[in-house]
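[1] 3D, please:
(chains A and B)
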2 protein chains.
Amino acid sequence: MKKKTTAAMRMKKDKEVIAKLQKLGKEITTAIKKGKSPTISIPVRTLSNIEFDEKHMKLRLGSSISKRSFMNVAHARKFMQTVLIASWVCNELVKEGITTSLRDMYYAIKRTIPGTKENTVEEQSESDPIVVDLETALDVLREELHLNADVRGRVVGNVVIKDRGDTVDWSKLGSGGWSIPSNVENIEFKKVDADYILLIEKNAAFERLHEDKFWKTHNCILMTSQGQAARGVRRLANRLSTEHKIPLIVFTDGDAYGWYIYSVIKWGSMNLAHVSEKLGTPNAKFVGLTMTDIERYDLEKYTIKAKDVDIKRAKELMNYPWFQAPEWQKEIKLMIKKGYKAELEALSSKGLRFITNTYLPEKIENKEFLP
Amino acid sequence: MKKKTTAAMRMKKDKEVIAKLQKLGKEITTAIKKGKSPTISIPVRTLSNIEFDEKHMKLRLGSSISKRSFMNVAHARKFMQTVLIASWVCNELVKEGITTSLRDMYYAIKRTIPGTKENTVEEQSESDPIVVDLETALDVLREELHLNADVRGRVVGNVVIKDRGDTVDWSKLGSGGWSIPSNVENIEFKKVDADYILLIEKNAAFERLHEDKFWKTHNCILMTSQGQAARGVRRLANRLSTEHKIPLIVFTDGDAYGWYIYSVIKWGSMNLAHVSEKLGTPNAKFVGLTMTDIERYDLEKYTIKAKDVDIKRAKELMNYPWFQAPEWQKEIKLMIKKGYKAELEALSSKGLRFITNTYLPEKIENKEFLP
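    Residues are numbered from 1 along each chain as shown, chains lettered A, B, ... in the order given. Reported below is the predicted structural model:
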């Protein structure tokens, strides 16, 4: 099968999105013409409708649907905003081939409705949830609606991509690496040569490994999320891992926050349960830091006393259905018992190149992962 | 004159830094051999010793020097830490050609001093200031000591660099752009073709301009700091602007925080006054947002009410010697009088491409800058 070009892929996706937005519009106008109150169906996103899909190992929305109706006083304003944003996204963004941020969208659609003293939106907190409504109702990603999320994260490795007409070789970007954009939908992978992807929470560890050319000697893709993984990072990891069948290995601090970052990369998050399919990577594995590492590598002196909030968070993780694997239960219990946590940087106490030369090769070669 | 290669430049710098560190060590051993108490001279960094150099338009340290003495009980611990870090930086980082973060350094040097129960350092807050002491005492950048700062910011434009053996063309990096590393000391500029550098506070505006290929049509370098400019961004702007005589134009939110970001890029900051020479770019100009823009472009509807802290911050700016230009005094007074502020994104209310097609070309062409 001939590979589609980036431009062709983008055009096809845009056409699909426009068709979905127009279908929504058509349903509304049809109802109006028939003298009925127009409604929009939106899957419910409250906790009660979020389920953990054990088979596919992903958080997802259940089947509850809410109806947003124009002729209901409690719904009318939100209905107006939904239609406004849907048509603006369709005509100003997708058709024009422009992407923008949620903040810019808020300013762009804010105006006083003619003949009234009412503004279309007062705060960004009004327009943001409408975008999630549209994502859910139309089953598209925010990025496919041409709306960008936060940007964070960098990547290097033996990969060549095509993006906006440029051919970018991730193995030839000096110390900087490629800045992961918020929208990676239209990236075309021209060459992917890697045994695994190593996704690292902390930039400092990424820099260490990059400087040591770890990605070259171990034939892997190095990625850093620089904290909680932005949507671009999660989607890029998902695309590389699923489209190219490359295992994804995650490396975070040894604390509840780091483990949560891992869980979002693997299973998805509750507030984005509707897009877990595209953002989560269920085959991801966790290489460290584990509580067991701390004893094994004699790092106790370099741990940090856990605060109440750390213990509370750990207890929450322990109750999540997706953390029920015995290995994780053991880890979390150990953390609560020991009352400490450890950062990636603690490994530097064994020497700056300990992660490059010992810790990671040892654990990855022996497949010492948590599920 | 033949241009030095990156590797040669780096080696020369490393040699200079090693020489400075060894000189420091030698002075200490010489004093000890003579039976004297060894001391280290460190320029004072408190407010009383920070001056604004009107001639060079930069914040800098005054001439006060403090002596850190080994035989003074109040100094002994800090003296030990200074010597420990200086020798570790010299032997483990510079000589080995390794860079690392302040956090990793803290872990790497932390240990119990043999025969005592005392640790070399207890918290990172002990080791961080010692690095600044060394920067100041030796007149080197932290990056020249192989210590990395935070990483943030991206760049695109008609520039080709050589970095770690790779040739990177900033005009061919797709939507992502080049991720600005913390250490840009060893970057070699192979080709720089730009009429000016546009440094933008917000990533969203950067993305808009990048998508519109603004850097291509206006022959400029586009850079975003993604908030307060990290050292890498400031140093990169400084190097491009001074080494290649390219004007630097800064574009931030219209509020005291945005103006402060500008002031740090231009004049340096008080807590890094010792490195303003290398991080500040006194020729920088400010294109917006200004309070005058708000009236001129009819943006009042899209302003945000200033909080008490915004007004307080604005009043502080008004008193800084480097904000005494009448244009700035007028701006700041107007902000306090109006009691509002505006974000870059407010310009999107005029259409998403307003900044690309109208605002920036108009202001830049007519040189409507604040000094």
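[2] how far off centre is the helix or strand containing residue A:204?
    For residue A:204, the element it lies in under DSSP states H and E is helix A:203-211. Remark: helix A:203-211 is offset 22 Å from the chain centroid, using CA atoms, centre = their mean, to the nearest Å.
[3] so for whichever helix or strand residue A:312 is part of, mean pLDDT?
    Taking DSSP H and E as the definition, residue A:312 sits inside helix A:308-319. On average, the pLDDT along helix A:308-319 is 96.
[4] do stretch A:60-75 as well
    For stretch A:60-75, mean pLDDT is 93.
[5] which ones are touching the residue nearest the centre of chain A?
    Residue closest to the average C-alpha location in chain A (CA atoms, centre = their mean): residue A:231, at 3.3 Å. Residues in contact with residue A:231, defined by CB atoms under 8 Å, 6 or more residues apart in numbering or on different chains, are A:142-143, A:149-150, A:182, A:272, A:279. Heads up, the C-betas are built off the backbone N, CA and C, glycines and all.
[6] pLDDT-wise, what's the bottom of those residues?
    Lowest pLDDT within these is found at residue A:150 (80).
[7] for the closest residue in space to residue A:10 that isn't next to it in sequence, give me the pLDDT.
    Excluding the flanking residues, the one nearest residue A:10 by CB to CB, 6 or more residues apart in numbering or on different chains is residue A:186, at 4.6 Å. Residue-level confidence at residue A:186 comes out at 88, pLDDT.
[8] near chain B at all, the helix holding residue A:204?
    Yes - against chain B, helix A:203-211 shows contacts by CB under 8 Å from any CB of the partner chain at A:203-204, A:207-208, A:211.
[9] those into JSON lines, with extra columns for neighbour count and pLDDT?
    Output for the residues of helix A:203-211 next to chain B, formatted as JSON lines (neighbours: other CB atoms under 10 Å in any protein chain shown; pLDDT from 0 to 100):
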{"residue": "A:203", "neighbour count": "24", "pLDDT": "92"}
{"residue": "A:204", "neighbour count": "26", "pLDDT": "92"}
{"residue": "A:207", "neighbour count": "25", "pLDDT": "93"}
{"residue": "A:208", "neighbour count": "27", "pLDDT": "95"}
{"residue": "A:211", "neighbour count": "20", "pLDDT": "94"}
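[10] closest to chain B among these?
    Each of the residues of helix A:203-211 next to chain B was scored against chain B by CB to the nearest CB, and residue A:204 proved nearest at 3.8 Å.
[11] need the contact list for the nearest residue to the closest one once chain neighbours are set aside.
    Once flanking residues are discounted, residue A:204 sits nearest to residue B:101: 3.8 Å by CB to CB, 6+ apart. Applying CB under 8 Å, 6+ apart, we find residue B:101 in contact with A:203-204, A:207, A:345, B:147-148.
[12] so where is chain A shaky, pLDDT-wise?
    Scanning chain A for pLDDT under 70 picks out A:1-6.
[13] mind giving me the domain ranges of it?
    A:6-148, A:154-365 (automatic domain parsing).
[14] for residue B:170, which of the ones you listed is the nearest?
    domain A:154-365 (9.8 Å; CB to CB).
[15] chain center to the closest one, what's the gap?
    Distance, stretch centre to chain centre, for domain A:154-365: 13 Å (CA atoms, centre = their mean).
[16] re the thing from before, wait, the residue nearest to residue A:10 sits on residue A:8?
    No - judged on CB atoms under 8 Å, residue A:186 makes no contact with residue A:8 at a distance of 10.2 Å.
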